[in-house]
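S.K.: Whatever this is, show me its structure:
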Amino acid sequence: KLFQGPRHCPVEEGGTTLLLALEHPAQAVRLAAVSRLSKTVNADSPPSFLAEALLRRIDDDDAAVALAALSWDKLVVVVPAEPLVHALSAAADAQGGKRQWANPSEGAAL
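M.R.: Model (predicted):
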């Protein structure tokens, strides 16, 4: 019972847990972790680390990771409104030159 819950859910792509995979240096591992959220997290009782981790992923240097975080259907349930609006505003400001989107419609998510 010690290692139950989404925090310790394995993310095979990184050989680590969800908690560590969300902060992993490799883009593919962070992307896999964000993609796995729908399967592992109950939005009615999200783990305490998740809101802050999602805010960091919205500001991720990799556009695919940021878009995956922004696209998670429970984002507005898990992350409080004020920090989410601040993160979205910062991401939109950064869009002015920091990120290059492969597809123009991807930038529209911001």
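
S.K.: and the nearest residue to residue 50 once chain neighbours are set aside, what does it touch?
M.R.: Take residue 50 and drop its neighbours on the chain: the residue closest to it by CB to CB, 6 or more residues apart in numbering is residue 78, 5.6 Å away. To be clear about C-beta, it is placed using only N, CA and C from the backbone, and glycine gets the same treatment. Residue 78 is in contact with 41, 43, 46, 50-51, 54, counting by CB atoms under 8 Å, 6 or more residues apart in numbering.

S.K.: cool, residue 27 as well?
M.R.: By CB under 8 Å, 6+ apart, the neighbours of residue 27 are 62, 64-65.

S.K.: do the same with residue 38
M.R.: Applying CB under 8 Å, 6+ apart, the residues contacting residue 38 are 72-74.

S.K.: Out of those, which is nearest to residue 93?
M.R.: residue 72 (21.5 Å; CB to CB).

S.K.: Distance-wise, check that closest one relative to residue 49.
M.R.: Per CB to CB, to the nearest Å, residue 72 is found 15 Å from residue 49.

S.K.: Look at the two and report which has more neighbours.
M.R.: residue 72 (20 against 14; other CB atoms under 10 Å).
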